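J.: could you work out the structure for the sequence below:
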Amino acid sequence: MSDESRPHTPRGLNQQGPALWSYGFRPFFLGGAVWAVLTMALWIAALILGLPLGGDYGAPLWHAHEMVFGFAPAVLAGFLLTAIPNWTGSLPVAGRALMGLFGLWAVGRLAMAGAALTGIWPAALLDAAFLPALLAIAAREIIAGRKWNDLKVLAGVTAIMAGNLGFHATVLFGGDPSLWLRAAVAGFVALVLIIGGRIIPSFTRNWLSQRGKSRLPVAYNRFDLGVIGLSAAALACWVVAPDARMTASAALVAGGLNLARLSRWQGLATRGEGLLLVLHLAYGFVPLGFLAIAAAGVGLVQPVSALHVLTVGVIGAMMLAVMGRATRGHTGRALTASGLTILSYACLFAAALARPLADLLGTVWLIEAAGALWILAFGLFVLEHGPMLVLERRRPRGD
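T.: Here you go, the predicted structure:
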């Protein structure tokens, strides 16, 4: 059945009800960005003022959890709930169903923030409900649309969900929560490898073709598939044995391959458009992250430095880049970066470099500076794109 013959308005363009609940990217991008600001502000307050956070989880674990399992899954949900209807031709989750899913995420944030009052058991149970629900919705839509090639995206979501469950289990029963944090981070990086490898060359090809350029990104081929497979293996080694020499060797190979992959996408040719160039720069943190894993594996840097290259550089930067582009595209705006958008990108890239540098130098003020830059980056996103997400209804434009 074609979209035109469906009895409903296609692509979530129903003009009734609040705009915020008409499409998944709207509440989840806004909620994720706001939570990115609030969580980091609370973490800085804990560092400077000793503000108690997270109850029995403790402030460091609460901060790590809310970055990896609070902020990042919200942005992932916004992306998937918007992208999957494009992949499958199905109607997007909207209205009450979207409100319910967002409510699950928000309840988890409140539960984790109030763990000192509720205890860690209720906090863990409430927080753990969101990712299985998101996975079930994504799986249902991909399977119903028979988009079997897109099932690999679910592997990344499953790794993140398992990481969250493992994190809570180790806090409740004993164990090493850092292993499960690495598992989730690896899941996010794998999604960047898969989805970034799809959208970055595609967007670049369209933009260059419109300008009559003859040198275009290399089409997806076996090389890309091999890079993803070897990178996934290196990430698996990092999750289970971050200090092993084998992990360092695998990460070094994966870093070189991802750098070669990035070079095939004609990133330098996009320097005239910040909204596109930022995707290439964000992916550039993938080989840098693997290099950091390799350096940590042989004792040249602290393991936490490698972790922050991946979380702030790869995950944070890619999410900010995708949020801005998707918000503009799906509200009918021109796909071009404003000065405010470029400033937000600059702040986040500075944070991505300052945070691991703080670990290397052991300076608390650099941690605080990186946090402030992170707050500014996502605060600028909320300031500029918040009204588009909440108020504006415009027909989406094609890429």
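J.: next structured bit after whichever strand or helix holds A77?
T.: Assignment of secondary structure by DSSP states H and E places A77 within helix 72-88. Elements were assigned by DSSP H and E; along the chain past helix 72-88, the next helix or strand is helix 95-113.
J.: toward the C-terminus, what is the element adjacent to that following helix?
T.: Beyond helix 95-113 toward the C-terminal end (DSSP H and E), the next one is helix 115-118.
J.: might you list the low-confidence residue ranges for this structure?
T.: For the chain, the stretches flagged by pLDDT under 70 are 1-16, 392-399.
J.: longest helix anywhere in it?
T.: Identified as the longest helix of the chain according to DSSP state H is helix 364-390.
J.: circling back: other SSEs contacting the helix holding A77?
T.: helix 25-49, helix 95-113, helix 130-144, helix 152-173, helix 177-191, helix 317-330 (3 or more Cβ pairs under 8 Å, 6 or more residues apart in numbering; DSSP states H and E). For every residue, glycine as well, the C-beta is placed using N, CA and C.
J.: out of those, nearest to Y220?
T.: Smallest distance to Y220 across the helices and strands packed on helix 72-88 (Cβ to Cβ): 13.0 Å, for helix 152-173.
J.: buried ones in the closest one?
T.: 153-154, 156-157, 159-161, 163-168, 170-171 (16 or more other Cβ atoms under 10 Å).
J.: please identify which of the residues you listed is nearest to L49.
T.: Nearest member of the buried residues of helix 152-173 to L49, counting by Cβ to Cβ, is V171, at 24.2 Å.
J.: measure the closest one to W148 for me?
T.: From V171 across to W148, the span is 37 Å (Cβ to Cβ, to the nearest Å).
J.: can you give me the buried ones in the longest helix of the chain?
T.: In helix 364-390, counting by 16+ other Cβ under 10 Å, buried: 366-382, 384-386, 388-389.
J.: got a markdown table for the helices and strands packed on helix 72-88, with distance to A124 too?
T.: Listed next are the helices and strands packed on helix 72-88 as a markdown table, based on distance: least, Cβ to Cβ, whole Å:
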| stretch | distance to A124 |
| --- | --- |
| helix 25-49 | 18 |
| helix 95-113 | 8 |
| helix 130-144 | 12 |
| helix 152-173 | 4 |
| helix 177-191 | 12 |
| helix 317-330 | 25 |
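J.: and those: which comes nearest A358?
T.: helix 25-49 (11.1 Å).
J.: buried set for the closest one?
T.: For helix 25-49, using 16+ other Cβ under 10 Å, the buried residues are 25-40, 42-44, 46-47.
J.: so which residues make contact with the helix or strand following that helix?
T.: Where DSSP H and E defines the elements, the next helix or strand beyond helix 25-49 is helix 59-65. Helix 59-65 is contacted from outside by 39, 42-43, 46, 51-54, 57, 112, 115, 167, 171, 177, 181, using Cβ atoms under 8 Å, 6 or more residues apart in numbering.
J.: from these, pick the one nearest G255.
T.: Of the contacts of helix 59-65, the one sitting nearest to G255 (Cβ to Cβ) turns out to be L181, at 20.9 Å.
J.: that older thread, which one of the buried residues of helix 152-173 is nearest V286?
T.: For these, the nearest to V286 is G156 (14.0 Å; Cβ to Cβ).
J.: mind listing what that closest one touches?
T.: Applying Cβ under 8 Å, 6+ apart, the residues contacting G156 are 187-188, 190-191, 194.
J.: 10 Å - rerun?
T.: Each residue near G156 by Cβ atoms under 10 Å, 6 or more residues apart in numbering is listed here: 76, 184, 186-195, 232.
J.: same deal with S231?
T.: 186, 189-190, 192-194, 250-251, 253-255, 257-258, 261, 286-287, 290.
J.: apply 8 Å and report the result again.
T.: Per Cβ under 8 Å, 6+ apart, neighbours of S231: 189-190, 193, 254, 257-258, 286, 290.
J.: any of the contacts of G156 buried? List them.
T.: Buried among the contacts of G156 (16+ other Cβ under 10 Å): 76, 184, 186-195, 232.
J.: list the buried ones in the helix holding A77?
T.: 72-85, 87-88.
J.: closest to C347 among these?
T.: Among the buried residues of helix 72-88, and counting by Cβ to Cβ, the member closest to C347 is V75, at 16.9 Å.
J.: ok, that closest one to R211 distance?
T.: 30 Å.
J.: next, L335: phi, psi?
T.: phi -80, psi 70 (degrees, to the nearest 10).
J.: so it touches L279, yeah?
T.: No - using Cβ atoms under 8 Å, L335 is not in contact with L279, being 11.5 Å away.
J.: shared neighbours, those two?
T.: Common neighbours of L335 and L279 (Cβ under 8 Å, 6+ apart) are R325.
J.: so between those two, which is more surrounded?
T.: A direct count of neighbours by other Cβ atoms under 10 Å for L335 and L279 places L279 higher, at 23 against 17.
J.: and that one, what does it touch?
T.: 196, 199-200, 203, 318, 321-322, 325.
J.: start to end distance for stretch 295-308?
T.: End-to-end span of stretch 295-308 (Cα to Cα, to the nearest Å): 13 Å.
J.: returning to what we had before: hmm, which two among the buried ones among the contacts of G156 are most spread apart?
T.: The widest separation within those (Cβ to Cβ) is 17.7 Å, between L76 and A232.
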